[in-house]
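[1] Predicted model follows, preceded by the sequence.
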Amino acid sequence: MSKRTLDSFFNPVQKKTKISLSGSKDAPSNHHTYPFAIPQLPPEITDILNFAPEAEGKVINDQPDLDLLYFQPYIPSSISTPLFEFLRGELFFYRVKYKIKRGPIETDINTPRFTTVFGVDETSTFTPQGDLLDATSNKPIPKDRYKTCKPRPIPACLDLLRKLTEAATDQQYNFCLVNYYASGDDSISYHSDDERFLGVDPAIASFSLGAKRDFLMKHKPTPPSDDKSTAAMNSETKPLKLPLGSGDMVLMRGTTQSKWLHSIPKRKGGESGNGRINITFRRAMVAGGTENYYRYNVGDGDVLKWDGKKMIVWGEKKGPGEGVEKEVKAEDVDKGYAGL
Ligand SMILES: O=C(O)CCC(=O)C(=O)O
Ligand SMILES: [Fe+2]
């Protein structure tokens, strides 16, 4: 039997309710699909993150079909800037280009923000070693399950936030999408995240870090009808503007996605030049969701990394640990988020 010292008798071991005790001493997250390893969050951040949410969520459901839970903030204010700096500095990003076809016309789309994504839909799970298993049989997945992408496990630094968010919102998430808006020229146009692969009335938890940006919402147009209640509702709904600050979280749930649109419009001046990160947690139900998310958030272009001042192309090394100094600018026209 081990002896207890007098000191430990008077200072009994604290019972911790932490979800994860991972700190910077643990190995970085790595996987064969990652261009480079992603460090663990430093303990200065994880220790405080366990106190989230800092504020109680406020329900916003005073308009037809709208159901939001707004945390102002969710992430304790003492760590929102360090967390923003950590994620901007340590994650890999992409500037995705793709084509859309409307009838006979093909249009080139340059996504007007930096993006990255991690996760896999409900039909598969990652082993701790990073291998994909079928979620039902627990056997390796068929080779052709993901034809257009290689799913990436959520790194520990984002998985801790995912687990905390699951507990606080009583929902489950298997995807983490990250947007980086470098300046007021970066944006996301009006869309809804109501793809079939998310199931009916999906809950989406959306975090803001860094510069304050306006989050605009408006009801989807309702088809003209003789029905009085529809006409009444069209005139009843008014657009909403949430000035999302660093650490805020908006949980969109119920019919919000099927009936409302949301956007982050371009802005001149203000804080937007300092950069903003958005993290969304979602739950995709089928393999098509996984293929969609990787296509529109990773794509097949260059890997980009923050060099302390700007995003540069990573990979073509010119010296130890350095990427080529090729600035990636927000040259894009926001032709519209396909949101397919
Ligand atoms: O940046 C935001 O707050 C919104 C991002 C968003 O709507 C999306 O990624 O679908
Ligand atoms: Fe969205």
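    Cool, the structure landed. Ligands and ions are numbered 1, 2, ... in the order given.
[2] From here on, just use CA atoms for contacts and neighbour counts.
    Noted.
[3] which residues in the stretch 151-300 of the chain form helices?
    For the stretch 151-300 of the chain, helices defined by DSSP state H, counting those that start in this stretch occupy the ranges 156-169, 228-236, 256-259, 287-297.
[4] Give the other helices and strands that the first one contacts.
    Which is helix 156-169. For helix 156-169, not one helix or strand is in contact under the criterion 3 or more CA pairs under 8 Å, 6 or more residues apart in numbering; DSSP states H and E.
[5] can you pull the buried residues of that helix?
    Neighbour-count burial for helix 156-169 flags Ala156, Cys157, Leu158, Asp159, Leu160, Leu161, Arg162, Leu164, Thr165 (criterion: 16 or more other CA atoms under 10 Å).
[6] and if you look at stretch 121-139?
    In stretch 121-139, counting by 16+ other CA under 10 Å, buried: Asp121, Glu122, Ser124, Thr125, Phe126, Gly130, Asp131, Leu132, Leu133, Asp134.
[7] Low-confidence ranges, the chain, go.
    1-25, 225-234, 316-340 (pLDDT under 70).
[8] residues near the closest residue to Lys218 other than its chain neighbours, how many?
    Of all residues not flanking Lys218 in the chain, Pro239 sits nearest, at 4.5 Å (CA to CA, 6 or more residues apart in numbering). Using other CA atoms under 10 Å, Pro239 is surrounded by 12 other residues.
[9] Verify the stated contact: Pro239 with His219.
    Yes. Here Pro239 reaches His219: they are 7.1 Å apart, a contact under CA atoms under 8 Å.
[10] partner residues bridging Asn110?
    With DSSP bridges as the criterion, Asn110 is bridged to Lys97.
[11] quick one: it and Ile100 touch, right?
    No. Under the criterion of CA under 8 Å, Asn110 makes no contact with Ile100, lying 10.8 Å away.
[12] neighbour-wise, which of the two wins?
    Asn110 (19 against 12).
[13] Of all the helices of the stretch 151-300 of the chain, which one is nearest Asn179?
    helix 287-297 (8.7 Å; CA to CA).
[14] list the buried ones in that closest one?
    Ala287, Gly288, Gly289, Thr290, Glu291, Asn292, Tyr293, Tyr294, Arg295, Tyr296, Asn297.
[15] so what does that helix touch, helix or strand wise?
    Against helix 287-297 (3+ CA pairs under 8 Å, 6+ apart) you get strand 114-119.
[16] Work out the gap between whatever helix or strand comes next after the strand it packs on and the centre of the chain.
    Per DSSP states H and E, the first helix or strand lying C-terminal to strand 114-119 is strand 124-126. Distance, stretch centre to chain centre, for strand 124-126: 19 Å (CA atoms, centre = their mean, to the nearest Å).
[17] Now that we have the helices of the stretch 151-300 of the chain, can you turn them into CSV and tack on distance to Gly210?
    CSV is the format used below for those (distance: least, CA to CA, whole Å):
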stretch, distance to Gly210
helix 156-169, 16
helix 228-236, 34
helix 256-259, 25
helix 287-297, 20
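[18] Go through these and name the closest to Arg95.
    Per CA to CA, nearest to Arg95 of the helices of the stretch 151-300 of the chain: helix 287-297, 8.0 Å.
[19] Return the distance of the closest one from the chain's centre.
    That offset, for helix 287-297, works out to 14 Å (CA atoms, centre = their mean).
[20] List the contacts of that helix.
    Residues outside helix 287-297 that contact it (CA atoms under 8 Å, 6 or more residues apart in numbering) are 94-96, 98, 115-117, 119-123, 145-149, 151, 177, 197-198, 284, 340.
[21] now that helix against strand 114-119, angle please.
    Relative orientation of helix 287-297 versus strand 114-119 (axes from the mean of the first three to the mean of the last three CA atoms, to 10 degrees): 160 degrees.
[22] Which parts of the stretch 51-200 of the chain are strands?
    58-60, 68-71, 97-102, 105-110, 114-119, 124-126, 132-134, 175-181, 188-191 (DSSP state E, counting those that start in this stretch).
[23] Can you add distance to Ile79 and give those back as TSV?
    Below are the strands of the stretch 51-200 of the chain laid out as TSV (distance: least, CA to CA, whole Å):
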stretch	distance to Ile79
strand 58-60	22
strand 68-71	15
strand 97-102	33
strand 105-110	33
strand 114-119	22
strand 124-126	29
strand 132-134	33
strand 175-181	18
strand 188-191	26
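[24] wait, which of these is closest to Ala203?
    Short answer: strand 68-71, nearest of the strands of the stretch 51-200 of the chain by CA to CA, at 9.6 Å.
[25] Quick one: list the elements packing against the closest one.
    strand 58-60, strand 249-252.
[26] Burial-wise, tell me which of the ones you listed comes out on top.
    strand 249-252 (a mean of 23; mean count of other CA atoms under 10 Å).
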